[in-house]
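**Q** Sequence first, predicted coordinates after that:
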Amino acid sequence: MPVQWTISPTDCLVVAASGASFGQAETFAAAATARRPLVIFRELPLARQRLDARSLPDA
């Protein structure tokens, strides 16, 4: 499975289901310059749970 990216206004979540894609995601995270949290997950439901649990910023 390829790496899946979910970007929100407050978080950058990466879902990397295979060992190879997890390594690529770690390389990306190390090189990232965004000033928001970047979290790598191995399973999509866990990333979805994180997105659902956070509150949206006021627009």
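**A** Thanks, I have it.

**Q** When you work out contacts or count neighbours from here on, use the C-alpha atoms and nothing else.
**A** Noted.

**Q** give the contact list for the closest residue to residue 17 other than its chain neighbours.
**A** Excluding the flanking residues, the one nearest residue 17 by C-alpha to C-alpha, 6 or more residues apart in numbering is residue 42, at 4.8 Å. The contact partners of residue 42, taken as C-alpha atoms under 8 Å, 6 or more residues apart in numbering, are 15, 16, 17, 18, 22.

**Q** how near is residue 42 to residue 50?
**A** 13 Å (C-alpha to C-alpha, to the nearest Å).

**Q** How about residue 29?
**A** 18 Å.

**Q** Kindly report the same for residue 28.
**A** 20 Å.

**Q** List the buried residues of stretch 24-42.
**A** Judged by neighbour count using 16 or more other C-alpha atoms under 10 Å, the buried positions of stretch 24-42 are 25, 29, 38, 40, 41, 42.

**Q** ok, then the element right after the helix or strand bottoming out on mean pLDDT in the chain?
**A** Sorted by mean pLDDT, DSSP states H and E, the helices and strands of the chain end with strand 4-7, the least confident at a mean of 56. Where DSSP states H and E defines the elements, the next helix or strand beyond strand 4-7 is strand 12-15.
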